[in-house]
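Undergrad: when you get a sec, could you give me coordinates for this:
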Amino acid sequence: MSSKVYRLILIVFGSIYLGACSPSPVPIDYGKDECSNCKMQLSDKKFGAEILTKTSKHYIFDSIECMSIYLTTNNIDKNEIHSLWVIDYSNPANLINAKEASFLKCNGVPSPMGLSLSAFSNLEKIKSLPNCNDGVIVKWEEVTILVQKEWRN
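TA: The predicted structure follows:
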């Protein structure tokens, strides 16, 4: 096999391999990880969030609201963000993409920072929660607006 063909094969397979290695979230280590925003230790396994950059840097948060505040108040380049992740309240071992999640604002489900925001991958799970008849369901784009409005009060 000629060296040009060999190099071409290496380039093709190398590109395929590197392309398959996209950044992915890391499991939150409750009791050890510290919130990148408020510096509190993460302790409630039904809450947590993560910003993942394109260079695989992870920012861990104890709540949805801390991640939202961090995104709006810190010098994090929006072009460097690969994805945003949140803990699925109904399945705490699961990190779900924040842009695909449904968020519940309900006083019956208090969150670590007090704004009562939780994330769900399944709308049916929200409907089955007790004490949330007054809850409001929003998408990620509305979370930032809600957090900014509530945090100022």
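Undergrad: against residue 25, how distant is residue 45?
TA: Residue 45 sits at a distance of 15 Å from residue 25 (criterion: CB to CB, to the nearest Å). The way it works is simple: take the backbone N, C-alpha and C, and place the C-beta from them, glycine included.
Undergrad: which one's more surrounded, those two?
TA: Per other CB atoms under 10 Å, whichever of residue 45 and residue 25 has more neighbours is residue 25, with 19 against 13.
Undergrad: the more buried one: what secondary structure?
TA: coil (DSSP: H, G, I helix; E, B strand; the rest coil).
Undergrad: same question, the one 4 residues further on
TA: When the structure is reduced to helix, strand and coil (three-state DSSP), residue 29 reads as coil.
Undergrad: excluding its backbone neighbours, what's nearest it?
TA: Among residues not flanking residue 29 along the chain, residue 42 sits closest, at 7.7 Å (CB to CB, 6 or more residues apart in numbering).
Undergrad: go on, residue 130?
TA: Residue 130 sits nearest to residue 108 (CB to CB, 6+ apart), 7.1 Å away.
Undergrad: how many residues are close by residue 32?
TA: So residue 32, with other CB under 10 Å, has 8 neighbours.
Undergrad: got it, and residue 123?
TA: Residue 123: 11 neighbours (other CB under 10 Å).
Undergrad: just checking, it touches residue 102?
TA: Yes. Residue 123 is in contact with residue 102 according to CB atoms under 8 Å; the separation is 5.5 Å.
Undergrad: related to what we said a few turns ago, let me see the contact set for the residue nearest to residue 130.
TA: 116, 129, 130, 131, 132, 134, 135 (CB atoms under 8 Å, 6 or more residues apart in numbering).
Undergrad: is it true that residue 72 lies in a helix?
TA: Yes. Assigned with three-state DSSP, residue 72 falls within a helix.
Undergrad: what's next to stretch 45-58, contact-wise?
TA: By CB under 8 Å, 6+ apart, the list of residues contacting stretch 45-58 reads 23-26, 28, 30, 36, 42, 59-64, 66-67, 70-71, 76, 80-87, 89, 92, 95, 98, 111-112, 118-119.
Undergrad: please read the previous query as pertaining to stretch 81-91.
TA: 22-23, 25, 28, 45-54, 56, 64, 67, 71, 94-99, 101, 103-104, 109, 118-122, 125, 140.
Undergrad: mean confidence for that stretch?
TA: Computed over stretch 81-91, the mean pLDDT rounds to 96.
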